[in-house]
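Student: Quick one, structure for this:
(4 chains)
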There are 2 protein chains.
Amino acid sequence: MSTAEKADRVSRRQVDKFEERRRELAAAALTTLSELGYARTSLREIAQNSSFSHGVLHYYFRDKVDVITYCVRQYKAACVLRYDQIVTTADTADGLARGFADGLVATLVEDATMHRLWYDLRSQALFEESFRADVTEIDATLERMVWRIVSRYGELRGAPVPTPSAMTYAMFDGLFQQALLRHFSARPGATTDLHASVLDLLGRLVPRS
Amino acid sequence: MSTAEKADRVSRRQVDKFEERRRELAAAALTTLSELGYARTSLREIAQNSSFSHGVLHYYFRDKVDVITYCVRQYKAACVLRYDQIVTTADTADGLARGFADGLVATLVEDATMHRLWYDLRSQALFEESFRADVTEIDATLERMVWRIVSRYGELRGAPVPTPSAMTYAMFDGLFQQALLRHFSARPGATTDLHASVLDLLGRLVPRS
DNA sequence: AGCGCATCTGGACGACTGTCAAGATTTCGT
DNA sequence: ACGAAATCTTGACAGTCGTCCAGATGCGCT
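Tutor: All right, here's what the predicted structure looks like:
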């Protein structure tokens, strides 16, 4: 083994460990953000949610924006996983519709804090230019996710969906966001209303045969 | 004039002036919030946007939460005004629909910073219990506003709107929010797409005759 | 074993925050 | 015009923030 090969192996292992730590810290940052929100999250608080001290954050990240940005990117991956498992296989239109509605209700309750973080960060993107690109990209991913389900639903119903993808996503997002606010307000009917309105909207998107 | 009457007049005038100052400071706070967002707004920054020094804020408000809460309430009044002027009188369904779409596009552009503040505060309400009641109340007001227009639209079309009020509001809000993000991202088509999708959704809400 | 580098700690820094109070200034009825 | 009450300014306070760094600790290689 040449010295060059050895050096390569060493640096590769170091890079791997480096990336692993970054992910670990980003996970701690993510839970902190989802609990406190963007406005109240500090680097020291993030470090306390990890097994390290606050100084290490500047060893793995340039500054606070770098931490948050990396977080958001990691959040996106979790998002896609969450949405992808909503509907795996459904052979009937009604089955797909029920699976979609059930999945949204489930993630509304189980991942409530993560969802509120998403809406918080999307609002921050309206103020801070630096977040905008990442937020827009995540939004596009979510839009594609919704569109995959809706267009498959139209397929199963035997009719193409005449609604633009962006509009479709926006409406479902509106429904979900209102349900989330109701959920945190502990007002009753948040989950059942979301379920019903998702089915309702889904039915409207495909023209009656 | 008795001494009691005199004292009453004096205290009444003082209360008026007191309230006037509160409104003045709240206005400064609102412009600051709409420019910087909740996370980056400080009391000193608010005072700099007014003609007073930072200390006076604690003369007119208990603490920071009191300032923000009062702000939000004042914001609500502005909201209602803005939405109310969208559609004053329309005698045809198509006229009402066009007026609604035009109004939303206009306020999207003109009051963009205020709208992003609203979404920011609504996100904060998902984290901070103290904002929740006010945010929910404003949301209900906006819902009623949208419902007034939509139900009137159904009336003009000669058919009742079978969609629940909450669901209707949520979908329009979703459309508007996405348009706002696109507007700040300077992506093209934000206004035209909003206009088209509002007309589209409005048409879908009322069953074909 | 001992060297060298990666990793991590804990404290220090200046800037900023919300809050408060003492005193200066203005307002206003008499 | 005088005095009291309302109003406003200014500076201070105890914290917290992001950032940085000197030094401790750990680990892998020869």
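Student: is any part of stretch A:93-107 close to chain B?
Tutor: No: remark: stretch A:93-107 sits outside contact range of chain B, by C-beta under 8 Å from any C-beta of the partner chain, the gap being at least 12.9 Å. Backbone N, C-alpha and C define where each C-beta goes, glycine included.
Student: Please work out the average pLDDT along that stretch.
Tutor: Stretch A:93-107 comes out with an average pLDDT of 94.
Student: The residue most central in space within chain A sits in which helix or strand?
Tutor: Central residue of chain A (C-alpha atoms, centre = their mean): A:Cys79, 3.1 Å from the mean position. Assessed by DSSP states H and E, A:Cys79 sits inside helix A:64-84.
Student: Show residues contacting that helix.
Tutor: Helix A:64-84 has contacts (C-beta atoms under 8 Å, 6 or more residues apart in numbering or on different chains) with A:22-23, A:25-27, A:29-30, A:33, A:38, A:43, A:46, A:57, A:61, A:103, A:107, A:111, A:114, A:117-118, A:121, A:130-131, A:134-135, A:137-138, A:141-142, A:145.
Student: Name all residues that make contact with A:Leu30.
Tutor: A:71, A:74-75, A:114, A:117.
Student: From B:Ala133, how far off is the residue of chain A found nearest DNA strand C?
Tutor: Here the residue of chain A nearest DNA strand C is A:Gly55; by C-beta to the nearest atom of the strand that distance is 2.1 Å. Distance check for A:Gly55 against B:Ala133: by C-beta to C-beta, to the nearest Å, it reads 41 Å.
Student: Same check on A:His195?
Tutor: Distance from A:His195 to B:Ala133, by C-beta to C-beta: 26 Å.
Student: more neighbours, these two?
Tutor: A:His195 (18 against 12; other C-beta atoms under 10 Å in any protein chain shown).
Student: quick one: the helix or strand hosting that one to chain centroid distance?
Tutor: Applying DSSP H and E as the criterion places A:His195 in helix A:190-205. Put simply, helix A:190-205 sits 21 Å off its chain's centre (C-alpha atoms, centre = their mean, to the nearest Å).
Student: neighbours of A:Ser123, just the number please.
Tutor: Other residues within reach of A:Ser123, judged by other C-beta under 10 Å, total 28.
Student: A:Ala47 now?
Tutor: Around A:Ala47 there are 19 residues (other C-beta under 10 Å).
Student: ok, for it, nearest residue in space, not its chain neighbours?
Tutor: A:His54 (4.0 Å; C-beta to C-beta, 6 or more residues apart in numbering or on different chains).
Student: what's the burial count for the one you found?
Tutor: 14.
Student: who's in contact with it?
Tutor: Neighbouring residues of A:His54 by C-beta under 8 Å, 6+ apart: A:43-44, A:46-48.
Student: again, only this time at 10 Å
Tutor: Contacts here follow C-beta atoms under 10 Å, 6 or more residues apart in numbering or on different chains; on that basis A:His54 touches A:42-48.
Student: Present the residues you listed as JSON lines; the columns should include pLDDT.
Tutor: Listed next are these as JSON lines, based on pLDDT from 0 to 100:
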{"residue": "A:Ser42", "pLDDT": "98"}
{"residue": "A:Leu43", "pLDDT": "98"}
{"residue": "A:Arg44", "pLDDT": "98"}
{"residue": "A:Glu45", "pLDDT": "98"}
{"residue": "A:Ile46", "pLDDT": "98"}
{"residue": "A:Ala47", "pLDDT": "98"}
{"residue": "A:Gln48", "pLDDT": "97"}
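Student: of these, buried ones?
Tutor: The neighbour-count criterion (16 or more other C-beta atoms under 10 Å in any protein chain shown) marks A:43, A:45-47 among the contacts of A:His54 as buried.
Student: can you redo those residues as a markdown table with secondary structure and distance to B:Gly99?
Tutor: Output for the buried ones among the contacts of A:His54, formatted as a markdown table (DSSP: H, G, I helix; E, B strand; the rest coil; distance: C-beta to C-beta, whole Å):
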| residue | secondary structure | distance to B:Gly99 |
| --- | --- | --- |
| A:Leu43 | helix | 50 |
| A:Glu45 | helix | 48 |
| A:Ile46 | helix | 49 |
| A:Ala47 | helix | 54 |
